[in-house]
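> 3D model of this:
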Amino acid sequence: MPFEVLLRHACSNCTEGSIRTYTYNVRSLARMAGFETIPMHSRWLTKALLEKVSKLTLGQQKKFTVAGVKALQAYD
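Model prediction:
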């Protein structure tokens, strides 16, 4: 089951554009964590990754923290 299916299930009120944006941003976050694709578990969302994100600009921090929250919601 691809991540996008999990995200659609968790975010049933999201528009098509929001789903695409969240999926793209989660994929970018996963690459920052060293993965080629989005893992199908939440273990990759670690404190070390959060520390990497906190060193970015404020706009990037917001984008990646929202992506992390959406990923966690999709995994639940």
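> quick one: low-confidence parts of the chain?
Within the chain, the stretches with pLDDT under 70 are 1.
> please redo it, this time with the cut-off set to 90
Scanning the chain for pLDDT under 90 picks out 1, 76.
> Spatially central, which residue of it would that be?
residue 26 (2.8 Å; Cα atoms, centre = their mean).
> What separation do you get for that residue and residue 43?
With distances taken as Cβ to Cβ, to the nearest Å, residue 26 is found 15 Å from residue 43. Where you see a C-beta, it was placed from the backbone N, CA and C, and this is true even at glycine.
> still on that earlier bit, shouldn't the residue nearest to the centre of the chain be in contact with residue 67?
Yes - assessed by Cβ atoms under 8 Å, residue 26 is found in contact with residue 67 at 4.7 Å.
> that older thread, give me the secondary structure label for the residue nearest to the centre of the chain.
helix (DSSP: H, G, I helix; E, B strand; the rest coil).
> Tell me who's in contact with it.
Residue 26 sits next to 3, 7, 38, 67, 68, 70, 71 when contact means Cβ atoms under 8 Å, 6 or more residues apart in numbering.
> need the helices for the chain, in chain order.
3-10, 16-32, 47-54, 58-75 (DSSP state H).
> so what's residue 14 closest to, chain neighbours aside?
residue 22 (7.3 Å; Cβ to Cβ, 6 or more residues apart in numbering).
> Would you list the phi and psi of residue 45?
Torsion angles at residue 45 (phi, psi; degrees, to the nearest 10) stand at phi -90, psi 90.
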